[in-house]
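*Asks:* Sequence plus the predicted model coming up.
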Amino acid sequence: MGLIGLLLPPGDGEGPRRRIAAILGVAGAAGALLLAIRLAFDPHVPPEESFWVPDDFGILTVTFGTMVDAGAAYLAIAVCLVALLVQIYSVGYLHDDARYAPYAAQISVFTAAMLVVVATDDLIWMLIGWEVMGACSYLLIGHDRRLPEAPAAAVKAFLVTRVGDVGFLLGIAILIAGAGTSWLPGVLTTDYSPGTLTAALLLILAGVAGKSAQFPLHTWLPDAMAGPTPISALIHAATMVAAGVWAVFRLYPLFEQSPVALAVLAVSAAVTILLGALAATAQDDLKRVLAWSTVSQIGYMTGALAVGSPAAALFHLLTHAAFKALLFLAAGAVIHAVGTNLLSRMGGLREHMPVTFTAFVIGLGALAGLPPLSGFWSKENVLTAAAHATEGGGPAPVWAGWLVWVAALLAVGITAWYATRLLLRAFLGTNRGHGTEWAVGFGDAHYAGADVPHDPPATMRWPLIVLSVPAALLGLAAFAPGFRTALELEDPHLGVAVALPMLLLVTGAGTAWWLWWAAPGVDPARALGRFRPLFAAGFRLDDVQHRLVVVPVRALARLVTAGDIRVVDAAVHGTGTLTSRLGGLLALAHRVGLPAAVLAVCAGALVLGLVAWWGALI
């Protein structure tokens with residue numbers, strides 16, 4: 001469907017072309033969702049019996065086949081559901097966008113690439129889907145060319161993820177070379193030497209850090225908020241950032257054999273969890289709060305993988321897909337109702353946007369881990385897995401378990417704090433926008449003069465209602481024996497194990513509420529004091545990368561350019577100039593008088609004769 005949509009002739013965004021693009025986008029996502037649901041109810045098919053077609057490329061055989069187990073089927077459902085709702089939401093969100101048709105088609109290609117990564121049984125095809133997602137993210141983040149920050153954000157996302165993808169490519173090449181095949185079951189059963197395996201997995205983790213926005217390659221994700229809000233929902237909830245977690249999940253039998261790789265993953269996860277959470281506390285841009293929260297929540301998933309619980313990581317990936325897609329689509333409704341992304345210019349929206357407010361309450365509650373919402377159950381699994389890792393006996397070092405557990409616990413309180421702050425700043429209090437009137441509109445059509453904002457139209461409202469259900473209830477799947485067995489989840493723990501996280505959650509939310517109540521209308525983030533600018537800037541890691549990477553690369557580029565101009569080009573131009581001047585001298589020689597020419601020839605012959613005579617004597 002995506003490829004067909006890309007072939008649609010140019011138009012102005014209205015009329016049959018737009019309708020065809022919308023039908024292709026929605027129908028393609030709906031068809032994929034139905035197929036994913038069908039696969040989820042099929043009995044497990046062993047990889048060696050799954051559909052596959054081999055293609056020979058010299059000494060390497062690439063299999064075009066699938067390996068759809070329970071985890072792949074559940075993730076495929078999440079991907080397709082979010083993609084379908086994003087397509088429906090975008091019909092209203094971009095109702096007057098002249099470039100809607102390629103936008104809808106690119107979403108379809110983006111979704112298809114993610115499904116290839118999820119369902120393939122071959123590393124080469126996984127790499128193809130991985131790279132196609134990178135290209136689509138570049139196009140979609142930079143979709144709105146009228147925003148000056150959008151092209152820069154798209155380029156930054158592309159370049160930063162490319163850095164990690166170089167490592168991902170090399171890591172996969174090492175695995176394939178060692179196994180002699182790119183077929184995933186064959187790779188997973190190959191007996192690699194410890195050094196080779198560790199090197200390959202560390203390189204793969206570089207790609208994971210880039211795609212999943214993990215420290216130190218996370219800096220592209222907050223800037224990617226320049227893209228349309230539905231694209232933010234798609235990238236943060238079901239594609240792109242989820243791909244890195246899934247890649248580690250799929251290759252986890254190899255990671256279990258490398259404590260070094262798991263230790264590196266644990267350090268990156270712990271730093272990412274706290275980095276993202278602290279940065280979210282100081283943001284004034286609504287979408288950037290949610291973006292930094294994604295960085296932190298993906299850290300929970302990689303932390304679960306690091307401590308030996310891929311099931312907990314996948315469970316949190318599924319619940320996160322529901323509540324983060326809900327939050328971003330609800331954020332789109334808010335932004336296009338008040339005409340700004342800034343929390344400092346919002347307020348008082350609860351009464352005027354009840355559906356959106358309810359969606360935010362459910363989404364932020366799940367994000368914070370409020371029981372009985374979905375995020376509570378999946379976070380409980382991650383924290384339990386980390387606590388068990390501190391006892392030893394797992395694939396990761398004990399200290400890695402402690403590191404992830406402490407970071408995840410602290411982030412529970414911090415997440416509750418910034419989630420409460422966001423809810424208070426956006427929906428309670430009074431309107432802090434300029435003037436007495438709201439700027440109301442949807443898509444790119446903002447108009448001033450309306451008395452109050454309101455909930456979005458049906459095409460944008462119903463996706464919020466649908467996503468509210470899994471965001472609230474998906475965590476209860478942990479009690480379903482079939483789901484728990486399929487993912488190999490541990491039984492839910494409702495005793496003392498959840499007491500400390502709940503205490504931290506109440507403390508974080510209560511502190512934000514108290515700061516708001518003590519000083520009505522004042523941003524609770526003022527309590528951060530001198531740390532606020534540091535947190536707001538993401539600990540200035542962008543500046544660090546600029547000085548350590550961008551500045552040296554630009555200096556090297558200038559040096560190479562100067563060498564090319566002053567040495568290479570100068571040599572070429574100098575050779576041409578010298579040849580032209582010698583030709584001019586010879587032309588003058590041909591124009592001299594006959595007596596002078598005869599004298600020159602005789603002199604030349606005499607010189608040559610003397611040289612020959614001298615050579616004969618020697």
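*Replies:* Arrived safely, thanks for sending.
*Asks:* domain parsing for the protein?
*Replies:* Split into domains by automatic domain parsing, the chain comes to 1-211+222-254, 258-531, 545-617.
*Asks:* So what's the gap between the last one and the chain middle?
*Replies:* So the one you mean is domain 545-617. Centroid separation between domain 545-617 and its chain, computed with Cα atoms, centre = their mean, to the nearest Å, is 55 Å.
*Asks:* do stretch 20-39 as well
*Replies:* 23 Å.
*Asks:* Could you pull up the mean pLDDT of that stretch?
*Replies:* Over the span of stretch 20-39, the pLDDT mean works out to 90.
*Asks:* How about the most centrally placed residue in the chain: what's its closest non-neighbour residue?
*Replies:* For the chain, the residue nearest the mean C-alpha position is V241 (3.7 Å; Cα atoms, centre = their mean). Spatially, and ignoring its direct neighbours in sequence, V241 is nearest to S212 (4.8 Å; Cβ to Cβ, 6 or more residues apart in numbering). Every residue, glycine included, has its C-beta placed from N, CA and C.
*Asks:* Also Q87?
*Replies:* G25 is the one closest to Q87 (Cβ to Cβ, 6+ apart), at 4.3 Å.
*Asks:* if I look at that neighbour, how far off is A112?
*Replies:* Remark: distance between G25 and A112 (Cβ to Cβ, to the nearest Å) = 12 Å.
*Asks:* quick one: low-confidence ranges for the stretch 501-618 of the chain?
*Replies:* 589-594, 596-597, 618 (pLDDT under 70).
*Asks:* can you pull out the strands in it?
*Replies:* Assigned by DSSP state E, counting those that start in this stretch, the strands in the stretch 501-618 of the chain number zero.
*Asks:* on that earlier part again, for A247, see how far away the residue nearest to V241 is.
*Replies:* Following Cβ to Cβ, the distance that separates S212 from A247 is 9 Å.
*Asks:* Excluding covalently adjacent residues, which one is nearest to S296?
*Replies:* Nearest to S296 is G276, by Cβ to Cβ, 6+ apart, at 3.1 Å.
*Asks:* need the contact list for that neighbour.
*Replies:* Shown in contact with G276 (Cβ atoms under 8 Å, 6 or more residues apart in numbering): H218, W292, S293, T294, V295, S296, Q297, I298, G299.
*Asks:* ok, it to I174 distance?
*Replies:* For G276, the distance to I174 - Cβ to Cβ - is 30 Å.
*Asks:* Now do the helices in the stretch 451-600 of the chain.
*Replies:* Secondary structure of the stretch 451-600 of the chain by DSSP state H, counting those that start in this stretch: the helices cover 458-473, 481-487, 499-518, 531-536, 541-545, 551-563, 570-590, 594-617.
*Asks:* Any buried residues in the first one, and which?
*Replies:* Of the residues in helix 458-473, T459, M460, R461, W462, P463, L464, V466, L467, S468, P470, A471, A472 count as buried by neighbour count, 16 or more other Cβ atoms under 10 Å.
*Asks:* could you measure the residue nearest to S296 against K379, distance?
*Replies:* 14 Å.
*Asks:* Quick check, I335 in contact with T229.
*Replies:* Yes - I335 is within contact range of T229, at 6.6 Å (criterion: Cβ atoms under 8 Å).
*Asks:* Neighbour count for those two, which is higher?
*Replies:* Neighbour tally, I335 and T229, criterion other Cβ atoms under 10 Å: the higher count belongs to T229, 25 against 19.
*Asks:* which residues touch the nearest residue to that one once chain neighbours are set aside?
*Replies:* Sequence neighbours aside, G332 is the residue nearest to T229 in space, at 3.4 Å (criterion: Cβ to Cβ, 6+ apart). G332 sits next to Y89, Y93, T229, P230, A233, P456, M460 when contact means Cβ under 8 Å, 6+ apart.
*Asks:* Select, from those, the two members most distant in space.
*Replies:* Farthest pair in the contacts of G332 (Cβ to Cβ) is A233 and P456. Separation: 13.7 Å.
*Asks:* Compare neighbour counts for these two and give me the winner.
*Replies:* For A233 versus P456, neighbours defined as other Cβ under 10 Å are more numerous around A233 (30 against 25).
*Asks:* Please list all residues in contact with that one.
*Replies:* V82, V86, Y89, K324, A325, F328, L329, G332.
*Asks:* The same query, at a cut-off of 7 Å, please.
*Replies:* Residues near A233 by Cβ atoms under 7 Å, 6 or more residues apart in numbering: V82, V86, A325, F328, L329.
*Asks:* pLDDT value on it, please?
*Replies:* Predicted confidence (pLDDT) for A233: 91.
*Asks:* how near is the residue found closest to A150 once you drop the neighbours it is linked to in the chain to G563?
*Replies:* In space, and not counting its chain neighbours, A150 is closest to A226: 4.4 Å by Cβ to Cβ, 6+ apart. Here A226 is placed at a distance of 36 Å from G563 (Cβ to Cβ).
*Asks:* between the two, who's got more neighbours?
*Replies:* Between A226 and G563, A226 has the larger neighbour count (other Cβ under 10 Å), namely 23 against 12.
*Asks:* which stretches of the protein form strands?
*Replies:* Secondary structure of the chain (DSSP state E): strands located at 52-57, 60-65, 438-442, 445-450.
*Asks:* could you give the mean pLDDT of stretch 454-466?
*Replies:* In this model, stretch 454-466 has a mean pLDDT of 91.
*Asks:* export it as PDB, just CAs?
*Replies:* Extracted in PDB, the C-alpha atoms of stretch 454-466 (Å, rounded to 0.1, in the frame of the first residue of the first chain):
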ATOM      1  CA  HIS A 454     -12.600  22.100  22.600                       C
ATOM      2  CA  ASP A 455     -12.000  18.400  22.000                       C
ATOM      3  CA  PRO A 456     -10.800  17.400  18.500                       C
ATOM      4  CA  PRO A 457     -13.100  16.200  15.700                       C
ATOM      5  CA  ALA A 458     -14.100  12.600  15.400                       C
ATOM      6  CA  THR A 459     -11.200  11.400  13.300                       C
ATOM      7  CA  MET A 460      -8.800  12.700  16.000                       C
ATOM      8  CA  ARG A 461     -11.100  11.900  19.000                       C
ATOM      9  CA  TRP A 462     -11.800   8.200  18.400                       C
ATOM     10  CA  PRO A 463      -8.100   7.100  18.300                       C
ATOM     11  CA  LEU A 464      -7.800   8.600  21.800                       C
ATOM     12  CA  ILE A 465     -10.800   6.700  23.000                       C
ATOM     13  CA  VAL A 466      -9.600   3.400  21.500                       C
END
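*Asks:* Which parts of the stretch 301-450 of the chain are helices?
*Replies:* Under DSSP H, counting those that start in this stretch, the stretch 301-450 of the chain gives helices at 310-338, 354-368, 374-389, 398-427.
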